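Undergrad: sequence and predicted model, in that order:
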Amino acid sequence: MFAIPGKQAVTLTPAAARQISRLMTKDASQGLRIGVKKGGCAGMEYTMEYVSEVNPMDEVVEQDGARVMIAPMAQMFLFGTEIDYEVSLLEAGFKFRNPNVVDACGCGESIKFAEPPQG
């Protein structure tokens, strides 16, 4: 695990917590699992999926009635990320403010992380 004792891997803004809580109620799920996968023009993309049961290897973040699970392979990429939910005239969606991202495409859905040190 990559967690620092006493510190959550990610934080949720009040808007994100409200939206995740709504989605959990609507879908009758245990929460949302967040991960990363290869893809997109910058190399990596965030993933989100409803989950019916918590994987014991997931890091669980609970805040204001919302539950987010961080997939094991994504924990080091997401540590320190703030998740927000924004609504504008043209779109609504989750926004990730991730200090580990070194580059992103114009749409903001594809990201690049620094290469891990070799050694």
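TA: Right, received. Where do you want to start? Source: prediction; values computed, not measured.

Undergrad: buried ones in the lengthiest helix in the chain?
TA: Counting residues, the longest helix found in the chain (DSSP state H) is helix 14-27. Neighbour-count burial for helix 14-27 flags 16-17, 19-21, 23-24 (criterion: 16 or more other CB atoms under 10 Å). Every C-beta, even on glycine, is put in place using the N, C-alpha and C of the backbone.

Undergrad: out of those, which is nearest to Met76?
TA: Using CB to CB, Ala16 comes nearest to Met76 of these, at 21.2 Å.

Undergrad: so which elements touch the longest helix of the chain?
TA: strand 31-38, strand 66-70, strand 81-87 (3 or more CB pairs under 8 Å, 6 or more residues apart in numbering; DSSP states H and E).

Undergrad: the first one vs helix 14-27, what angle?
TA: By that I understand strand 31-38. 110 degrees (axes from the mean of the first three to the mean of the last three CA atoms, to 10 degrees).

Undergrad: which residues touch the spatially most central residue of the chain?
TA: Nearest to the mean C-alpha position of the chain, by CA atoms, centre = their mean, lies Ile34 at 4.4 Å. Ile34 is in contact with 10, 46-48, 68-71, 74, 78, 83, counting by CB atoms under 8 Å, 6 or more residues apart in numbering.
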